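>>> Predicted structure and sequence below. I'll ask about it afterward.
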There are 2 protein chains.
Amino acid sequence: MPKLDICFSPDLLPLYDLRGQVAVIVDILRASSTIVTALGEGVTHVFPVASLEECTAYGQQHGCLTAAERDGLPAAGFDLGNSPFGFLEASRPVRGRALTISTTNGTAALRRSLAAEAVVVGAFLNLAAVADFARQQGRDVLVVCAGWKGQFCLEDTVFGGALAERLAADFDVSSSDATLAALHLWQQGKTNLPAYLLQSAHVRRLNSLEASQDFEFCMRVDAYAGVLPLWQDDRLVDAALN
Amino acid sequence: MPKLDICFSPDLLPLYDLRGQVAVIVDILRASSTIVTALGEGVTHVFPVASLEECTAYGQQHGCLTAAERDGLPAAGFDLGNSPFGFLEASRPVRGRALTISTTNGTAALRRSLAAEAVVVGAFLNLAAVADFARQQGRDVLVVCAGWKGQFCLEDTVFGGALAERLAADFDVSSSDATLAALHLWQQGKTNLPAYLLQSAHVRRLNSLEASQDFEFCMRVDAYAGVLPLWQDDRLVDAALN
């Protein structure tokens, strides 16, 4: 039976051997939620990049939309910030466009996980798609929490617990203490996820930076149940369409 | 109000600035529980060392008892393993003796925390002593979980939650997601701590290696409520006696 494990910080990735595994990159607030939303709203593919300079360069080179934030705020000089609502505004059509996105924590986590057999992006928004993909692959899964500047984040961990619950029949979810803890936290919070995660320090930081509508949106389990951002070559594409 | 934070792995210590803080080193199974027991049973002081070679050398140099384990099993050629029961046996008087101890995870966590203003060893056995010391110091506290080979351990984390609950009136325990998660896990498990922690992968590993009496013993909250192993110069002494 394949195993589901959770890595609470990209800084702990050296402890794991990702070869042959499925890596699920999670940055609930907000990179992974935003990427799922973008693909769900018709963006063709996403180039995640580490620096603002790369973001500008990709935008010019590929003629694509640019999105960037630093420390939770939209960065100046880009088409979009890191809010999923940027992709929902009727005033800015995104369907058929490519996107390059730079984020503080999420991009770094993804870049450091490329040794895996398959790399996908997970959020509450596409929990069902991630679970289906994991079952179909039948490989060990490592949930890689982007965290906040390397530190443990409640919302990414609770996503790991939600995924573990969905996969409990087909995966070993009890041989890792990290998975057990995440399952417990998810089971505690799932009946009212927004209220539970509003305790989180990171959530409170986000809500003080920008409208809390982003937070509420990112909590919608399976709102994009069919969208699966999968890493291919140098970009994320919606595997459901490929 | 000083802050209580929890570091889930020694590998994450570079993210924290320990200067001016109290570091609480936790390796419930079993290094920190064993050190508390040793001092509680009259050992005069403890030299924690990283390698088996150092342990032998300290033993010869200081004429002290030696204790060592590797991967959860007693190491050959030493007076004691890493079981607290070694210090309770009538056949082996420890009162008045010094001890040098080498452990896989606990010693490494302690050595990597020496930038702190004060370094103490915490276990369920001496929870009250750790909480009293923290209150008396009035400084920020970082609980450093020894973990298992760098990975997250449920029992060390739950200790962090127990300490957070005791200090909640005097410390900020809500601005760190790690502390919030640990508090939730402790509150879930505290009514039957042994049963809760028996789920832990690390606990099951230990129980398969040695008698489960060690585990039951390490769960006894405040069995040595007055014992506080405090780092001084090159050794741990019982601060309650100094």
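In hand now; what should we look at?

>>> Only C-alpha atoms from now on, for both contacts and neighbour counts.
Noted.

>>> need the contact list for the nearest residue to A:Gly150 once chain neighbours are set aside.
Closest residue in space to A:Gly150, ignoring its immediate chain neighbours: A:Ser9 at 5.4 Å, by Cα to Cα, 6 or more residues apart in numbering or on different chains. Neighbouring residues of A:Ser9 by Cα atoms under 8 Å, 6 or more residues apart in numbering or on different chains: A:Val144, A:Cys145, A:Ala146, A:Gly147, A:Gly150, A:Gln151, A:Phe152.

>>> If we use 10 Å, what do you get?
A:105, A:109, A:143-153, A:156-157, B:8, B:12 (Cα atoms under 10 Å, 6 or more residues apart in numbering or on different chains).

>>> what about the strands in chain A?
For chain A, strands defined by DSSP state E occupy the ranges A:4-7, A:22-26, A:46-49, A:65-70, A:73-74, A:99-102, A:118-122, A:141-145, A:229-232, A:235-238.

>>> what's the least confident stretch among those?
Set side by side, the strands of chain A give their lowest mean pLDDT on strand A:73-74, at a mean of 78.

>>> ok, now which ones touch A:Asp103?
Actually, residue A:103 is Thr rather than Asp. For A:Thr103, counting by Cα under 10 Å, 6+ apart, the contacting residues are A:27, A:30-32, A:48-52, A:55, A:67-72, A:74-75, A:81-82.

>>> Buried ones among those residues?
Buried subset of these (neighbour count, 16 or more other Cα atoms under 10 Å in any protein chain shown): A:27, A:30-32, A:48-52, A:55, A:67-70, A:72, A:74-75, A:81-82.

>>> quick one: A:Ser113 from A:Trp231, how far?
In this view, A:Ser113 and A:Trp231 are 11 Å apart by Cα to Cα, to the nearest Å.

>>> more neighbours, those two?
A:Ser113 (25 against 21; other Cα atoms under 10 Å in any protein chain shown).

>>> What residues does the closest residue to that one other than its chain neighbours make contact with?
In this structure, A:Ser113 finds its nearest non-sequential neighbour in A:Ala23, 6.7 Å apart by Cα to Cα, 6+ apart. Residues near A:Ala23 by Cα under 10 Å, 6+ apart: A:5-6, A:110, A:113-122, A:134, A:140-144.

>>> just the buried members of the residues you listed?
A:5-6, A:110, A:113, A:116, A:118-122, A:134, A:140-144.

>>> just checking, A:His202 touches B:Leu180?
No - between A:His202 and B:Leu180 there is no contact under Cα atoms under 10 Å: 11.5 Å.

>>> got the contact list for A:Arg112?
A:Pro10, A:Asp11, A:Leu13, A:Pro14, A:Val144.

>>> Show me what counts as buried in stretch A:218-235.
A:218-221, A:223-231, A:235.

>>> Just give me the residue right at the centre of chain A.
Computing the C-alpha centroid of chain A and ranking residues by Cα atoms, centre = their mean puts A:Ser32 first, at 2.6 Å.

>>> which bits of chain A sit near chain B?
Taking Cα under 10 Å from any Cα of the partner chain as the contact definition, chain A meets chain B at A:6-12, A:14-16, A:148-155, A:157-158, A:174-182, A:184-185, A:188, A:197, A:199-205.

>>> Next step: these restricted to helices.
Of these, the ones assigned to helices by DSSP state H are A:154-155, A:157-158, A:177-182, A:184-185, A:188, A:197, A:201-205.

>>> Which of those residues are buried, as a PyMOL select command?
PyMOL command restricting these to the buried ones, with burial defined by 16+ other Cα under 10 Å:
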select buried, chain A and resi 154+155+157+158+177+178+179+180+181+182+184+185+188+197+201+202+203
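
>>> Could you list the low-pLDDT ranges of chain A?
A:72, A:207-211, A:241-242 (pLDDT under 70).

>>> same thing but 90
Chain A contains residues with pLDDT under 90 at A:29-30, A:50-51, A:69-76, A:81-83, A:89-93, A:102-108, A:111, A:147-149, A:199-214, A:240-242.

>>> Look up which residues are beta-bridged to the residue nearest to A:Ser113.
A:Val119, A:Leu142 (DSSP bridges).

>>> Which neighbours do A:Ser113 and A:Trp231 have in common?
Shared contacts of A:Ser113 and A:Trp231, counting by Cα under 10 Å, 6+ apart, come down to A:Val119, A:Val120.

>>> quick one: contacts for the residue nearest to A:Val120 when sequence neighbours are not counted?
If the residues on either side of it in the chain are set aside, A:Val120 comes closest to A:Leu230, at 4.5 Å by Cα to Cα, 6+ apart. Residues near A:Leu230 by Cα under 10 Å, 6+ apart: A:24, A:45-46, A:118-122, A:130, A:236-240, A:242.
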